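>>> build me a model:
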Amino acid sequence: AFAYRMINTLDSMIGYRGVYEHLGKASARLDDLVNLIPARLAGLLLVAASGFLPGQRMTRAWSTMWRHHGRTQSPNAGWTMSGMAGALGVQLQKVDPEVGYTLGEPGRPIEPKDITRAVQSMYLVALFGLAIALAIAYARGSIF
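Numbers count the residues shown, from 1 in each chain. Below you'll find the predicted structure:
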C-alpha cells in the first residue's frame with residue numbers, strides 16, 4: 001500500500017507533460033501499470049452497479065465502456081468514465097483542441113440529478129468492492 005501511494009503521488013507531482021516531461025514519464029508509466037487491473041475492475045463493477053440502479057442500463061454501460069475506453073490519453077481513465085457515460089445515457093466531453101475526446105453517445109442533456117445517480121453508482125461500486133475484498137479475506141482465512 002505504501003509503495004502504491006508513493007507511485008501515485010510521484011505521478012501526481014511530476015507525471016505531466018511540460019518542462020519536466022522526461023523526468024515524469026517513468027513515474028507516469030509505472031502509475032499506468034499498477035492501475036491497469038484496478039481501473040478495469042472498477043469499470044466492470046460500475047457496469048454491474050448500473051444494472052441495480054434506476055435510470056441506468058447495464059447493456060448501454062457495457063457497450064459504451066467497451067467501445068470508448070481508449071479515447072482518453074490515459075490507458076486507465078476511460079474505463080470508468082465511459083462506463084458512467086453509458087450507464088447514465090449521456091455524453092461526456094473534454095473540450096481541448098489537442099487532447100479532447102468524447103465518451104458516450106449523443107443523447108439527452110446532462111441534468112443535475114445525474115450527479116446523484118453517479119454518486120449512487122459510486123457507493124454501490126464501493127459496496128461491491130468491499131464484498132469482494134471480504135470474500136477474498138474469508139477465502140484466505142484472514143477473517144472469521
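
>>> can you give me the helices for the protein?
Taking DSSP state H as the test, the helices found in the chain are 2-14, 21-34, 36-50, 58-68, 77-88, 113-139.

>>> single out the most deeply packed of those.
helix 77-88 (a mean of 26; mean count of other CB atoms under 10 Å). All C-beta atoms are positioned from the backbone trio N, CA, C, and that covers glycine.

>>> from the contact counts, what lies against it?
Applying 3 or more CB pairs under 8 Å, 6 or more residues apart in numbering; DSSP states H and E, we find helix 77-88 packed against helix 36-50, helix 58-68, strand 92-94, strand 101-103, helix 113-139.

>>> and the first one, how far out from the chain middle?
Its chain's C-alpha centre and that of helix 36-50 lie 7 Å apart, by CA atoms, centre = their mean, to the nearest Å.

>>> so what touches it?
56-58, 60-62, 65, 69, 75-77, 79-80, 82-84, 86-87, 121, 124-125, 128-129 (CB atoms under 8 Å, 6 or more residues apart in numbering).

>>> picking up where we left off before, what would the helices of the chain look like in a markdown table with mean pLDDT and distance to residue 105?
Listed next are the helices of the chain as a markdown table, based on pLDDT from 0 to 100; distance: least, CB to CB, whole Å:
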| stretch | mean pLDDT | distance to residue 105 |
| --- | --- | --- |
| helix 2-14 | 79 | 31 |
| helix 21-34 | 81 | 27 |
| helix 36-50 | 97 | 15 |
| helix 58-68 | 98 | 7 |
| helix 77-88 | 97 | 8 |
| helix 113-139 | 96 | 15 |
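
>>> could those helices be laid out in a markdown table, adding distance to residue 99?
Below are the helices of the chain laid out as a markdown table (distance: least, CB to CB, whole Å):
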| stretch | distance to residue 99 |
| --- | --- |
| helix 2-14 | 17 |
| helix 21-34 | 14 |
| helix 36-50 | 19 |
| helix 58-68 | 15 |
| helix 77-88 | 12 |
| helix 113-139 | 23 |
